[in-house]
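Q: The sequence and its predicted three-dimensional model are supplied below.
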Amino acid sequence: MTRLPPEYIERIRLLLGEREAEVFLHTYQKPRAFGLRLNPSKLTARDERFPGIAKRFGLRPVPWCEHGYYYEESSRPGRHPYHAAGLYYIQEPSAMIAAELLDPQPGETVLDLAAAPGGKTTQIAARMQGQGLLVANEIHPPRAKILAENVERMGIANALVIHSAPGPLAERWPEAFDRIMLDAPCSGEGMFRKDPEAALEWSVEAVKACAARQRNILRDAARMLKPGGRLVYSTCTFNREENEETVRAFIEEFPEFELAREERMWPHRLEGEGHYVAVLEKHPQGSGSASGSGKGERARERSAARKSGKPDKAAEAALRLFREFAEEALPRFRLPEEGSPLLFGEALYWLPQPEGAPFGAAALAGLRTPRPGLHLGDVRKGRFEPAHALAMAVRADDAALTADFPADSPEIAAYLRGESIASPEGAKGWGLLAVDGWPLGWFKASDGQLKNRLPKGLRSV
Ligand code: SAM
């Protein structure tokens, strides 16, 4: 049972009126809704395996999100091997509205400015269908790591995961993005039912501090958006200071923006927690004041970034090793066309570089980048070892060697515990361990064993 601060209750009464506030407050005594979003690069409702999965988890559609579903809490999809295979992302249903309203398109350059743990990033990536570039930023290093893991689990190849404060990013990348998602740090009033601890941290001062911080982050977001671009600002809180008032103050300061739409999600009016979303559109002419450089200058910067972003010899050599590996182990896999190899120590990445986006290797210099694109693998003592991220980004039938087991088989449980599995036919070399046809990770077959290559941090014990 959630204990609510008396001042919070008072503010809700002022916001909703006595009668509606009672209905709202009553929701704290009801169970909350649980949601997941399918990863359409691996599973959609049209897949013949979907009806069985829908039955297993008791799925019902979330009306405002194409791939969103409510699930029955007791079915625990977060603990199922399909979760490890990246078939879905567990996400609070109301939170699914923000990326829907951002409406990112394939081929665009999109920034998720406050991205961890990755609900909106992975939803944006699904809408982009692997085309264009998604930059997912998180200010706190441990959260950036979780974000990178979720991006990998969902098999997203066209995303960079970076961690930076918003200010330096705005300096680096003025008017660089077609769309920006700012799911701002907030006082979290809309999550008190999901996370009763958050109610203990609430105070009027905390609300004020959050609003001030949101205004600062919004300023940085404004600078990074291209003229004609779309910025979505969202919070999971109810008070007006962090929502409507923050947005009104923003538009006053940046008159080149227009409020195109505003939505509030209330737990007593729909099946989900609290969320606020504002869709802000930047005038196609921009203002000049928010941008750090003119058009000609930006074009020069981009061209310089592309030129100096040429892969070095070591990266080219590592890519050759990857290609030899792929020819043998992943004969049907093709790297996305627009990109270049990037070597960080022994780790080889495929850096997505769509035409016109200023994100060559040089553009990332000096930036902390936990995941500069798709991690292909590591070069150790002249040998190529494939990365877990690569296993999650390919299809089981891309591989020359796969071992596929049903979700409830002892082999899948053993693999997730990090154990080796007996090999049926004396196979040799790298292969994909799959659950009902979806890759879970690599094994290396030799001496009658499929040796487990699931990263230690992802094992279930
Ligand atoms: N968008 C995420 C999702 O859908 O999974 C949730 C983001 S959460 C609401 C807000 C994020 O903002 C947190 O990860 C937090 O670490 C980050 N944050 C905190 N202070 C920040 C700041 N000053 N600038 C940018 N981000 C900040």
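A: Cool, got the structure.
Q: Once you drop chain neighbours, what's closest to residue 245?
A: Nearest residue to residue 245, sequence neighbours excluded (Cβ to Cβ, 6 or more residues apart in numbering): residue 211, at 7.0 Å. Using the backbone N, CA and C atoms, a C-beta is placed for each residue, glycine as well.
Q: is it fair to say the one you found lies in a helix?
A: Yes. The assignment for residue 211, made by DSSP: H, G, I helix; E, B strand; the rest coil, places it in a helix.
Q: you'd agree it is up against residue 244?
A: No. With contact defined as Cβ atoms under 8 Å, residue 211 does not reach residue 244; the gap is 10.9 Å.
Q: Check which residues of the helix or strand hosting residue 413 are buried.
A: Applying DSSP states H and E as the criterion places residue 413 in helix 410-416. Across helix 410-416, burial judged by 16 or more other Cβ atoms under 10 Å covers 411-412, 414-416.
Q: in which helix or strand would I find the closest residue to the ligand within the stretch 201-350 of the chain?
A: The ligand sits closest to residue 217 of the stretch 201-350 of the chain, with a gap of 5.0 Å, by Cβ to the nearest ligand atom. Secondary structure assignment for residue 217, by DSSP H and E: helix 204-224.
Q: what do you get for residue 25?
A: Residue 25 belongs to helix 18-26, assigned by DSSP H and E.
Q: and that helix, what other elements does it pack with?
A: helix 6-16 (3 or more Cβ pairs under 8 Å, 6 or more residues apart in numbering; DSSP states H and E).
Q: Pop out the phi and psi values for residue 313.
A: phi -60, psi -40 (degrees, to the nearest 10).
Q: per-residue pLDDT, it?
A: Looking at residue 313, its pLDDT is 92.
Q: now the helices for the stretch 301-450 of the chain?
A: All helices of the stretch 301-450 of the chain, identified by DSSP state H, counting those that start in this stretch, fall at 313-329, 388-393, 410-416.
Q: of all those, which lies closest to residue 371?
A: Taking Cβ to Cβ, helix 388-393 is the member of the helices of the stretch 301-450 of the chain nearest to residue 371, at 7.8 Å.
Q: which residues sit against the closest one?
A: If you take Cβ atoms under 8 Å, 6 or more residues apart in numbering as the criterion, helix 388-393 is touched by 85-86, 152-157, 371, 374-377, 432, 439-442, 453-455, 458.
Q: just the buried members of these?
A: Here, 16+ other Cβ under 10 Å leaves 85-86, 152-157, 371, 374-377, 432, 439-442, 453-454 buried among the contacts of helix 388-393.
Q: Just the residues you listed: which are in strands?
A: If you go by DSSP state E, these have 371, 374-377, 432, 439-442 in strands.
Q: Residues of the chain that sit close to the ligand?
A: 114-120, 138-140, 143, 166, 183, 185, 213, 217 (Cβ under 6 Å from any ligand atom).
Q: What is the nearest of the ones in strands among the buried ones among the contacts of helix 388-393 to the ligand?
A: For those, the nearest to the ligand is residue 371 (15.7 Å; Cβ to the nearest ligand atom).
Q: That closest one reaches residue 150, doesn't it?
A: No. If you go by Cβ under 8 Å, residue 371 and residue 150 don't touch, sitting 10.5 Å apart.
Q: deepest of the helices of the stretch 301-450 of the chain, which one?
A: Comparing these by mean neighbour count (mean count of other Cβ atoms under 10 Å), helix 388-393 ranks first with a mean of 25.
Q: centre of the chain versus that helix, how much separation?
A: 15 Å (Cα atoms, centre = their mean, to the nearest Å).
Q: Output it as CSV - backbone C-alpha positions only.
A: What follows is helix 388-393 as a C-alpha-only set of coordinates in CSV (Å, rounded to 0.1, in the frame of the first residue of the first chain):
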residue,chain,number,x,y,z
HIS,A,388,26.8,-11.3,-27.8
ALA,A,389,25.3,-8.2,-29.4
LEU,A,390,25.9,-9.7,-32.8
ALA,A,391,24.0,-12.9,-31.8
MET,A,392,21.1,-10.7,-30.8
ALA,A,393,21.2,-8.7,-34.1
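Q: average pLDDT for that helix?
A: Mean pLDDT, computed over helix 388-393, is 98.
Q: likewise stretch 335-353?
A: pLDDT averaged over stretch 335-353 gives 92.
Q: again, but for stretch 86-100
A: 98.
Q: I'd like to check the angle between the helix holding residue 217 and helix 6-16, please.
A: 60 degrees (axes from the mean of the first three to the mean of the last three Cα atoms, to 10 degrees).
Q: Could you give me the buried positions within helix 204-224?
A: Neighbour counts over helix 204-224 (16+ other Cβ under 10 Å) mark 207, 210-211, 214-215, 217-224 as buried.
Q: now these in a markdown table, with pLDDT and distance to residue 97?
A: Formatted as a markdown table, the buried residues of helix 204-224 follow (pLDDT from 0 to 100; distance: Cβ to Cβ, whole Å):
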| residue | pLDDT | distance to residue 97 |
| --- | --- | --- |
| 207 | 97 | 22 |
| 210 | 98 | 20 |
| 211 | 98 | 21 |
| 214 | 98 | 18 |
| 215 | 98 | 23 |
| 217 | 98 | 20 |
| 218 | 98 | 19 |
| 219 | 98 | 24 |
| 220 | 98 | 23 |
| 221 | 98 | 19 |
| 222 | 98 | 22 |
| 223 | 98 | 26 |
| 224 | 97 | 23 |
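Q: Where does pLDDT dip in this structure?
A: 1, 286-311 (pLDDT under 70).
Q: residues touching the spatially most central residue of it, list them.
A: Taking Cα atoms, centre = their mean, the centroid of the chain lies closest to residue 121, which sits 2.6 Å from it. Applying Cβ under 8 Å, 6+ apart, we find residue 121 in contact with 112, 115, 134, 136, 147, 150-151, 159, 181.
Q: Can you tell me which of these lies closest to residue 406?
A: Among the contacts of residue 121, and counting by Cβ to Cβ, the member closest to residue 406 is residue 150, at 25.4 Å.
Q: would you say that closest one is within a strand?
A: No. Looking at residue 150 with three-state DSSP, it is helix, so not inside a strand.
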